[in-house]
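Chemist: Just the structure for this:
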Amino acid sequence: MLGKTGKIASAVLVVGAVIAVMTAGGIAVANSYPSASLAMTPFDAEAPGRGLDLYAKKVVEHAVVYGLYASSAALLGMDKEARQAADWLIQNPSSEEKMGWGLPFAWDAFGDKSVNPITTVYGVTVAMAVRGLFDVYDQTGEESYRDAAVQALNDYLPNFHETEDGGYFGYSDQPADQKEVYNISSVLMGQYARAYHYTQDNRFLEVAEMAKSQLDASRRTVGDDVYWTYTSAITRPNDSVHAAFTVQGYLDYSKYVDKSLDVSREVNYLGRFFDGDVIKEFPDHAKLSAKVMALPARGWGVGMLAYTLADSGDIKGGMKAAKALEQYGAGNGIYAMTPGTKDFAPRVQAHVSMGLAKLHQVSGTRCKLAFFTCL
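Modeler: Just a heads-up that it's a prediction; the model follows:
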């Protein structure tokens, strides 16, 4: 790394989440972004998944938060907290009949008046909970976490549907929800690919490959970039969080099944959500009203963009997303759903903490590989 004088910088210091370069002329701040460890502090230490749900407008306990929190803690080396969250997932499935998780309230997922009971297992919750369990397994080496994740994926297999183009995962385990939603299939595809990596169970590989084939057939292009809508019946592109989910599934597939897979067009597409220092809820090519196009991304979308960009190796993009989170800060490490609001909502905070934790992990690894000192 060259300083202003053209001499090689002697060290890189990371203090909290500020990266500074030591040069002959002194210390110059290269990049800064919110602290991952500080973002973990607002959670309830005894029950990190418990807190205000902005949809239900009451305090509930979310399985998806335990999954995201487990990933965050594992990435930060907080083994006690990671185990605590993973143990909760194992001990609290939504249904006594299977390993899986959903929402802490009944919900009509598609507005078709088929209200899902509280025991419903949702694909996205399974994907995020399984990610957390696998991350804790990677961090601790304790096989019970890997085995619980594998069991959950095995139990969700009946919700996979083969088609002429490959196949897809149903939105939930309810009959009315056996619909193709691209981001759901993608995040699950990534975790089935990961399960195959750990178990060499060909069933997991087969559904991951079929899901990818289906997603490949459903993708759209804008310029040189690749993107998806929410479903085949919706023409507008995904919002920020669902776009990041979809790309993350491809990153996980490439990581665990096909390392030669080029996902640059998918990752580059995420840059379309950036407008200077602001991240928008919809990408720049969406043909929506001026009012909607001006909307800032929701906090969980910004957090997920930080995670996916960092995981792809785009450290600069990940840091830019993390820097944008400062607009959502409500004090004491809390990040709100939208700029200017103050509520601590664990579902929002958990996406943010996971994004910052991944950025912390990847940027630290990058420093080590570059033979700089990261403290």
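
Chemist: okay, CA-based contacts and neighbour counts for the rest of this
Modeler: Will do.

Chemist: Partner strands of the helix or strand containing residue 226 and their direction?
Modeler: For residue 226, the host element (DSSP states H and E) is strand 225-227. When pairing is defined by DSSP bridges, strand 225-227 lines up against strand 220-222 (antiparallel).

Chemist: ok, residue 187 touching residue 248?
Modeler: Yes: between residue 187 and residue 248 there is a contact under C-alpha atoms under 8 Å: 6.6 Å.

Chemist: Give me the mean pLDDT for the strand or helix carrying residue 362.
Modeler: Element membership for residue 362 (DSSP H and E) is helix 346-369. Here helix 346-369 scores 85 as its mean pLDDT.

Chemist: in it, what's buried?
Modeler: The neighbour-count check on helix 346-369 (16 or more other C-alpha atoms under 10 Å) flags 346-364, 367 as buried.

Chemist: list the helices and strands it packs on?
Modeler: Packing contacts for helix 346-369, counted by 3 or more C-alpha pairs under 8 Å, 6 or more residues apart in numbering; DSSP states H and E, involve helix 36-40, strand 50-53, helix 63-75, helix 299-312, helix 315-324, strand 334-335.

Chemist: list the contacts for the nearest residue to residue 129 once chain neighbours are set aside?
Modeler: Leaving aside its sequence neighbours, residue 129 sits nearest to residue 67 (C-alpha to C-alpha, 6 or more residues apart in numbering; 4.0 Å). Contacts for residue 67 (C-alpha atoms under 8 Å, 6 or more residues apart in numbering) come out as 85, 86, 89, 128, 129, 130, 131, 132, 133.

Chemist: Mind doing that once more with 7 Å?
Modeler: Residue 67 is in contact with 128, 129, 131, 132, counting by C-alpha atoms under 7 Å, 6 or more residues apart in numbering.

Chemist: among the helices and strands packed on helix 346-369, which is the most enclosed?
Modeler: Of all those, helix 63-75 has the most neighbours on average by mean count of other C-alpha atoms under 10 Å, namely a mean of 30.

Chemist: buried set for the helix or strand just after it?
Modeler: Elements were assigned by DSSP H and E; along the chain past helix 63-75, the next helix or strand is helix 79-91. Across helix 79-91, burial judged by 16+ other C-alpha under 10 Å covers 81, 82, 83, 84, 85, 86, 87, 88, 89, 90.

Chemist: Centre of the chain to the strand holding residue 226, how far?
Modeler: Computed by C-alpha atoms, centre = their mean, to the nearest Å, the chain-centroid distance of strand 225-227 equals 18 Å.

Chemist: Around residue 58, how many other residues sit close by?
Modeler: 10 (other C-alpha atoms under 10 Å).

Chemist: which ones are touching it?
Modeler: Residue 58 neighbours (C-alpha under 7 Å, 6+ apart): residue 52.

Chemist: For it, list each beta-bridge partner.
Modeler: Taking DSSP bridges as the rule, residue 58 bridges to residue 53.

Chemist: Find the centremost residue of the chain, please.
Modeler: Geometric centre of the chain, nearest residue: residue 304, 4.6 Å, by C-alpha atoms, centre = their mean.

Chemist: got the contact list for that one?
Modeler: Residues counted as contacts of residue 304 (C-alpha under 7 Å, 6+ apart) are 241, 244, 351, 352, 355.

Chemist: Please repeat the previous calculation with a cut-off of 6 Å.
Modeler: Taking C-alpha atoms under 6 Å, 6 or more residues apart in numbering, we find residue 304 in contact with 351, 355.

Chemist: Need the per-residue pLDDT for it.
Modeler: The model's pLDDT for residue 304 equals 98.

Chemist: Same question for residue 2.
Modeler: 31.

Chemist: What angle do helix 299-312 and the helix holding residue 362 make with each other?
Modeler: Put simply, helix 346-369 runs at 20 degrees to helix 299-312, going by axes from the mean of the first three to the mean of the last three C-alpha atoms, to 10 degrees.

Chemist: contacting residues around helix 346-369?
Modeler: The contact list for helix 346-369, computed with C-alpha under 6 Å, 6+ apart, reads 36, 39, 51, 65, 68-69, 72, 75, 299-300, 303-304, 306-307, 310, 335.

Chemist: Quick check: closest non-adjacent residue to residue 307.
Modeler: Nearest residue to residue 307 in three dimensions, chain neighbours excluded: residue 355, at 3.8 Å (C-alpha to C-alpha, 6+ apart).
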